[in-house]
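In: fold the stuff below for me.
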Amino acid sequence: MVVAASNSKKSRPSSSSSFSSLPDDVALKCLFRVPRCYDLNLSLVSKTLRSLMRSPELSRLRSQLLKSVYLSYDFYHSMLRRPTSYWITFRPGEKTTDYQLEKKPLSLADVPRPCLGSAVFVGSEIYFIGGRSFPSTELWILDTRSDRLRTAPSMKVGRSAEYKVAVGVVEGKIYVIGGSDEDGQVEVFDPETQTWEFADEEKVKCEWEFSVSMKQKVYMVGLGGRVSTYSPREGINSETTEVLGCVNFLCVVKNVLYACFECSGLMWFNTKLKVWTRVVDRDGNDGKLELYSSTAEKMEEYEGMIAFFWPLPNIDRTKNDLICKLIALDRLGENIRGRIEWSGIAATLPHNILLKDCLVVAG
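Out: Residues are numbered from 1 along each chain as shown. Below is the predicted model of the structure:
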């Protein structure tokens, strides 16, 4: 009996050989969903995996799910009445550490004011909701594939990003909370039917500065770190009243909510315990200093990592270098660890610019 058990264990295939025994088309469909930052590790597992990682078919499959960081900025020129808006697309190249940048002018000739409202994406389209400085019912849609900006049906209530407003996507529909100085109903836009309607009769006032979509809810975070959620079925619920200091950024990576606090650095929200927890530096250094730059102006998810962006003066005083830092993340027990995957100059831009929206858009 003992011998039989021993033989049984020896005959059991290892996880790597089991994976290698899969047909190539099945294995590739598994691999193309793995973030690129793990390419090197996978290539070292076996010759079969190394061959699959170098396969042109894997590149083709990845291109179908390719996501880009769309970072917009306004260029102010003394000879122009209003700023010119541009989008920078941040995409991976053929190598893991190679990033391609493309600058695209965004025509605002038909837009009555240069400041579009709160931005949110659905698929490959970016939706600008309401006004930025003044209340507006307008809805503009940017198709990132054709780079065309078009109008869409207006909201029922004028809203502005000047007031506190929360915007999120739940089950493919866009929900807008707040955006005015009075209590108001939540509005919902259906991209398929291109129609607006009120989500319910209840009137609410937005008390949060940041909002993201996660797990079929809109997560809303105030400046001090207080977290609330909104869902069409449950309405608004308070998740935590914990106050940790000023929040600068908010994003979601692999269904985990991350925020940057001025005093506490990069943290993640434990939805079970309903508390904020520091992201641990994988190399054992002080994560607060290493993983987060106090000069960062934008933060977004990218390829399963967190991307920080900020401008720094160039040697040429008429230009700025756009710096990017990519933070790779992994979970170890009850902790989440991070390390700098890549950091460098992503682009060189004019010095008189203002960074605006930063979103991840499907290719």
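
In: in this protein, what helix or strand scores lowest on average pLDDT?
Out: helix 2-11 (a mean of 41; mean pLDDT, DSSP states H and E).

In: in the stretch 251-363 of the chain, which spans are strands?
Out: With DSSP state E, counting those that start in this stretch as the criterion, the stretch 251-363 of the chain has strands at 256-261, 265-270, 275-278, 280-281, 298-302, 305-313, 319-332, 335-350, 353-362.

In: what's the closest of those to residue 156?
Out: Of all the strands of the stretch 251-363 of the chain, strand 353-362 sits nearest to residue 156, with 23.9 Å by C-beta to C-beta. All C-beta atoms are positioned from the backbone trio N, CA, C, and that covers glycine.

In: give me the helices and strands touching that closest one, please.
Out: If you count contacts as 3 or more C-beta pairs under 8 Å, 6 or more residues apart in numbering; DSSP states H and E, strand 353-362 packs onto strand 67-75, strand 116-122, strand 125-131, strand 298-302, strand 305-313.

In: can you pull the buried residues of that strand?
Out: When burial is assessed from 16 or more other C-beta atoms under 10 Å, strand 353-362 yields the following buried residues: 353, 355, 356, 357, 358, 359, 360, 361.

In: the closest residue to the first one other than its chain neighbours and residue 118, how far apart?
Out: The shortest distance from residue 353 to any non-neighbouring residue, by C-beta to C-beta, 6 or more residues apart in numbering, is to residue 73 (4.6 Å). As for residue 73, its distance to residue 118 is 17 Å (criterion: C-beta to C-beta, to the nearest Å).

In: could you do residue 55 as well?
Out: For residue 55, the distance to residue 118 equals 41 Å [C-beta to C-beta].

In: and if you look at residue 31?
Out: Note on residue 31: its distance to residue 118, by C-beta to C-beta, is 37 Å.

In: what does residue 320 give?
Out: Counting by C-beta to C-beta, the gap from residue 320 to residue 118 is 26 Å.

In: where does the stretch 101-250 of the chain dip in pLDDT?
Out: Scanning the stretch 101-250 of the chain for pLDDT under 70 picks out 101-115.

In: one more pass at 80, please.
Out: When the per-residue scores of the stretch 101-250 of the chain are filtered using pLDDT under 80, the ranges that remain are 101-116, 145-147, 241-242.

In: break down it into its strands, ranges please.
Out: Using DSSP E, counting those that start in this stretch, the strands of the stretch 101-250 of the chain run over 116-122, 125-131, 139-143, 148-152, 165-170, 173-178, 184-190, 195-204, 210-214, 217-221, 227-231, 235-240, 247-253.

In: do you know which of those strands lies nearest residue 341?
Out: Nearest to residue 341 among the strands of the stretch 101-250 of the chain is strand 247-253 (12.6 Å), distances taken as C-beta to C-beta.

In: strands paired with that closest one, and their directions?
Out: Take DSSP bridges as the rule and strand 247-253 pairs in its sheet with strand 256-261 (antiparallel).

In: dump the helices and strands packed on strand 353-362 to JSON lines, plus mean neighbour count and distance to residue 41.
Out: Written out in JSON lines, the entries for these read as follows (neighbours: other C-beta atoms under 10 Å; distance: least, C-beta to C-beta, whole Å):
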{"stretch": "strand 67-75", "mean neighbour count": "21", "distance to residue 41": "21"}
{"stretch": "strand 116-122", "mean neighbour count": "23", "distance to residue 41": "30"}
{"stretch": "strand 125-131", "mean neighbour count": "23", "distance to residue 41": "34"}
{"stretch": "strand 298-302", "mean neighbour count": "23", "distance to residue 41": "19"}
{"stretch": "strand 305-313", "mean neighbour count": "20", "distance to residue 41": "15"}
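
In: any chance of these in a markdown table, plus distance to residue 46?
Out: Below are the helices and strands packed on strand 353-362 laid out as a markdown table (distance: least, C-beta to C-beta, whole Å):
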| stretch | distance to residue 46 |
| --- | --- |
| strand 67-75 | 28 |
| strand 116-122 | 38 |
| strand 125-131 | 41 |
| strand 298-302 | 28 |
| strand 305-313 | 25 |
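
In: of these, which approaches residue 193 most closely?
Out: Nearest of these (C-beta to C-beta): strand 116-122, 13.2 Å.
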